[in-house]
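Chemist: just need the structure, nothing else, for what follows:
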Amino acid sequence: MENIQISDEYIKLGQALKLAGLVSSGIEAKIVIQDSEVKVNGETDTRRGRKLYPGDIFEYNGQKVCVMKV
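Modeler: Numbers count the residues shown, from 1 in each chain. Take a look at the predicted model:
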């Protein structure tokens with residue numbers, strides 16, 4: 001499992017996908033999220049603005065990423 005580190009209280013799902021390198025743009029993030037291809041904490045989420053907090057785990061294309069606080 002990969003980790004991303006954030007310094008703020010939370011990060012939005014679309015931004016997290018880009019930060020983790022799983023998508024190349026915000027448009028790509030929007031598409032894969034709306035197409036129900038992303039899971040947050042084991043459940044499909046179609047909200048690009050979904051807030052992820054430290055300890056949350058998101059998954060796309062078989063890769064899991066954990067959000068960590070700096």
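Chemist: please state the offset of stretch 8-21 from the chain centre?
Modeler: Remark: stretch 8-21 is offset 5 Å from the chain centroid, using Cα atoms, centre = their mean, to the nearest Å.
Chemist: output the biggest helix by length in the chain as PDB, nothing but the C-alphas.
Modeler: Identified as the longest helix of the chain according to DSSP state H is helix 26-34. Provided in PDB are the C-alpha atoms of helix 26-34 (Å, rounded to 0.1, in the frame of the first residue of the first chain):
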ATOM      1  CA  GLY A  26      -8.400  16.700 -12.600                       C
ATOM      2  CA  ILE A  27     -10.600  15.800 -15.700                       C
ATOM      3  CA  GLU A  28      -9.400  12.200 -15.600                       C
ATOM      4  CA  ALA A  29     -10.000  12.100 -11.800                       C
ATOM      5  CA  LYS A  30     -13.600  13.400 -12.300                       C
ATOM      6  CA  ILE A  31     -14.300  10.800 -15.000                       C
ATOM      7  CA  VAL A  32     -13.000   7.800 -13.000                       C
ATOM      8  CA  ILE A  33     -14.800   8.900  -9.800                       C
ATOM      9  CA  GLN A  34     -18.100   9.500 -11.700                       C
END
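Chemist: report all helices and strands that that helix contacts.
Modeler: helix 13-19 (3 or more Cβ pairs under 8 Å, 6 or more residues apart in numbering; DSSP states H and E). All C-beta atoms are positioned from the backbone trio N, CA, C, and that covers glycine.
Chemist: what residues sit buried inside the helix it packs on?
Modeler: Neighbour-count burial for helix 13-19, counted by 16 or more other Cβ atoms under 10 Å, picks out 13, 14, 15, 16, 17, 18.
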